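Trainee: Generate coordinates for the sequence data below:
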Amino acid sequence: MILAWHAALPAAATVPDAFGVGARWSGAGAAGVAVVEDGAAAALNPAGLARIRRPTAGIGFTLVDPTVRPIPPLWWDTNRDGLTDENDEPLNWDAGFDSVLGVQVQAARPLGGKFGLGFSAFVPGSTVIRFKTIEPELPNYVLWENRLQRFSAAAGIAGEVLPGVNLGISADLLARAKLSVALTADVSASIEGTPSTAGELVTGAVIDVHGIDLNVVPAVAPVVGVALEPGKWIDALDGLVLAAAYHPALGLPIDVDLDLQANVAASDLGTLDPIIGAVVADAGLALFDHYVPRRVALGIAWRREDVFTIYAETRWTDWTGLQENVAELSRAEISAPLFDVPSESIRDDNTAAVEAAHFRSVWSVHLGSELHLPEIPTTGKCRYFRPTARGGFGYVPTAMVSQSTASAFLDTDRIYFTIGSGLEHWDPFALVDGPVRYDIFFQWHSLASTTLLRSSETPTPGFPVDPKAGLPIGGNIVVLGGQWGFEY
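Mentor: Predicted structure coming up:
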């Protein structure tokens, strides 16, 4: 455990990735690649679907409530005069990421005695699809911002191909998008009046949006998994499970085409000649709203006849190719009647910040346990009550290596604890021919307190007004959830 503590490194993405799939595994360490055996296996390790023995389904909720340390007042062009100086009111910036309340659903069923199908999904209550980019100069938690507001779904199939060898494959569903915007702005200015009066400057503008075209198409990341049960080969190893799962890199890229034209007309401006001109801008933006890194999960578990389970899991996550959700200019052309703007002279202010930020391939560790207490018989239609206790732990240091002064990406070490409980009884209403389960869980995540050194003696956008303040990092994340499930 001490070695795992020091070797662990992070992985954070959607709510299921960061906090677990389903109330059962979210309360038992927020992982479970070696022990999962319900619809959640489609997302964690599809090989677990081979252990499904009866059709099962469940629906629940997850509430994520983060609190981060406040950011001190920052320099920013708040009066929008094109300058950042003492005339600007300090910017009070909130670097926190949004709370999430979402619904988790899962279902699985056996196919014969050797195969199983499963499905798992998480749907945020406030949004299904949200495209949001960040300004790199302003403080933001780059590995959390916008990632939790994500619809997540996976469907898979698995089978026992040899005694004690389970193989599975599933599809993690994401999306790709392309956005096209074309508009024209007509601006006019003239002086209306008579020679005997001073006249009045009259201006006007008409904006015509010709078309906005957004296409969102599905993208699929194949997830493969394996689970070995050596107890089927050697009796002394009964209950031991070894497992692994692989998830390739994927994401939600958005290609944006902008076709902008500004027509300017000026007349009757004293001795000035009439002016008619047009500025045409044709630009392309490359957005990467939600990057899913390549990762490998390795797990080991010990199970004793549906009474006690303990597991350990480690994940390798390749953050080296991280595409931040920062808008980057991929191409640009500007045509103007009075001057030329060479394409090579058009600069993207965000490129330097993105290129200077470095992340690394990292590992994380997760420990969990589950204890099923003895059944309590009852004479009613419930037949029995069986409580369950769960707990777990994880340690997640930061994946951030370095960055330049052009960005203010925030990240820090994270440690978390999970507890959970469950209750099972027979369905008293005979709606299903099987047991009904209620599970709840609680997680507490602590983001270690530290400071990003970022100071300047002169007003600089995104820097603290107090040059000695720096940017505080840290906070807490509270996660609550529950699930109702049944077999039928």
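
Trainee: Where does the prediction get shaky in the stretch 251-400 of the chain?
Mentor: The stretch 251-400 of the chain contains residues with pLDDT under 70 at 252, 266-281, 285-289, 327-331, 334-350, 352.

Trainee: one more time with 80, if that's ok
Mentor: Scanning the stretch 251-400 of the chain for pLDDT under 80 picks out 251-256, 258, 261-291, 305, 323-355.

Trainee: can you give me the helices in it?
Mentor: In the stretch 251-400 of the chain, the helices defined using DSSP state H, counting those that start in this stretch lie at 351-356.

Trainee: Would you map the strands across it?
Mentor: 275-292, 294-304, 308-318, 328-335, 340-341, 358-359, 361-372, 376-377, 384-396, 400-402 (DSSP state E, counting those that start in this stretch).

Trainee: Any chance of TSV for the ones you listed, columns mean neighbour count and distance to T351?
Mentor: The C-beta positions use only the backbone N, C-alpha and C, and glycine is treated the same way. Converted to TSV, those look like this (neighbours: other Cβ atoms under 10 Å; distance: least, Cβ to Cβ, whole Å):
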stretch	mean neighbour count	distance to T351
strand 275-292	17	10
strand 294-304	19	24
strand 308-318	21	23
strand 328-335	15	6
strand 340-341	12	18
strand 358-359	18	15
strand 361-372	21	24
strand 376-377	10	64
strand 384-396	19	29
strand 400-402	14	17
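
Trainee: Looking at these, which is nearest to G481?
Mentor: G481 lies closest to strand 384-396 among these, at 12.2 Å (Cβ to Cβ).

Trainee: Give the other helices and strands that the closest one contacts.
Mentor: Contact analysis of strand 384-396 by 3 or more Cβ pairs under 8 Å, 6 or more residues apart in numbering; DSSP states H and E lists helix 22-27, strand 361-372, strand 376-377, strand 414-426 as its packing neighbours.

Trainee: which residue is nearest the middle of this protein?
Mentor: Central residue of the chain (Cα atoms, centre = their mean): R147, 2.0 Å from the mean position.

Trainee: My read is that that residue contacts L322, right?
Mentor: No: the pair R147 / L322 is not scored as a contact, 11.4 Å apart, by Cβ atoms under 8 Å.

Trainee: D17 should be in a helix, yeah?
Mentor: Yes: counting by DSSP: H, G, I helix; E, B strand; the rest coil, D17 is part of a helix.

Trainee: how close does it sit to D94?
Mentor: 24 Å (Cβ to Cβ, to the nearest Å).

Trainee: the more surrounded of these two?
Mentor: Each of D17 and D94 has its neighbours counted (other Cβ atoms under 10 Å); D17 has more, 24 against 10.

Trainee: I'd like the distance between the more buried one and D306.
Mentor: Following Cβ to Cβ, the distance that separates D17 from D306 is 28 Å.

Trainee: Same check on P253?
Mentor: Applying Cβ to Cβ to P253 and D306 gives a distance of 44 Å.
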